[in-house]
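**Student:** After the sequence you'll find the predicted model.
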Amino acid sequence: QNLIPELVSKFQCGDQNTLNGVLQTANSIFKSYRNQYKSQELYRELKYVLDNFVGTSAGPKPFLDLFKQTVALIEGSQDAAVLRQLFQNLYVILRIYFSLHSQELPEVFEDTMSDWMGEFHKFLIYENSELESTTDE
């Protein structure tokens, strides 16, 4: 019960490596939702996670704020090493986002759909020569 609030408290740590560890921990927990059968126990757990990790429609939304903060850092950086770390964190954020949608579309995500999709669109058209591979792979 205390793990989720503890993870959320680390969202503002400022250290991208620490944040990656926090996100990897959350991802390892939440990815189990992808393959579980619907049950009352699962929905109780999802509600707890959504309320405390993602936020509520009327209240703070720490997960969306973290996503937007990561996007802003990507947009403001030209350092390839920093960008790689930020994109690694963004990748894990997106895996968590997917896991939390695997049972159904939660109301908090439905209510913030334009925020999420607007940021997703940026990366469909994103280009940065510093991150391009020189190999054909």
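**Tutor:** Structure received.
**Student:** quick one: low-confidence ranges for the chain?
**Tutor:** Residue ranges of the chain with pLDDT under 70: 1, 136-137.
**Student:** Just want the most central residue of it.
**Tutor:** Centroid check for the chain by C-alpha atoms, centre = their mean gives residue 93 as the closest residue, at 2.4 Å.
**Student:** What are the contacting residues of the helix or strand containing that residue?
**Tutor:** Following DSSP states H and E, one finds residue 93 within helix 80-101. If you take C-beta atoms under 8 Å, 6 or more residues apart in numbering as the criterion, helix 80-101 is touched by 16-17, 19-20, 23-24, 26-27, 30-31, 33-34, 46, 49-50, 54, 63, 66-67, 70-71, 73-74, 77, 106, 109, 116, 123, 128, 130-131. All C-beta atoms are positioned from the backbone trio N, CA, C, and that covers glycine.
**Student:** Give me the subset of these lying in helices.
**Tutor:** Mapping these onto helices (DSSP state H) picks out 16-17, 19-20, 23-24, 26-27, 30, 46, 49, 63, 66-67, 70-71, 73-74, 109, 116, 123.
**Student:** Write a ChimeraX command that selects only the buried members of the residues you listed.
**Tutor:** Of these, the buried ones can be selected in ChimeraX as follows, counting by 16 or more other C-beta atoms under 10 Å:
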select :16,19,20,23,26,27,30,46,49,63,66,67,70,71,73,74,109
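**Student:** Does residue 108 touch residue 47 like I think?
**Tutor:** No. Contact criterion C-beta atoms under 8 Å: residue 108 and residue 47 do not qualify, at 10.5 Å.
**Student:** Who has more neighbours out of those two?
**Tutor:** Neighbours were counted for residue 108 and for residue 47 using other C-beta atoms under 10 Å; residue 108 has more, 19 against 11.
**Student:** Which neighbouring residues are in contact with the more buried one, exactly?
**Tutor:** By C-beta under 8 Å, 6+ apart, the contact list for residue 108 reads 50, 54-57, 61.
**Student:** Export the residues you listed as CSV, with columns for distance to residue 9 and neighbour count.
**Tutor:** Output for the contacts of residue 108, formatted as CSV (distance: C-beta to C-beta, whole Å; neighbours: other C-beta atoms under 10 Å):
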residue, distance to residue 9, neighbour count
50, 17, 18
54, 15, 22
55, 14, 18
56, 17, 13
57, 22, 12
61, 15, 19
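**Student:** Right, I'll leave it there.
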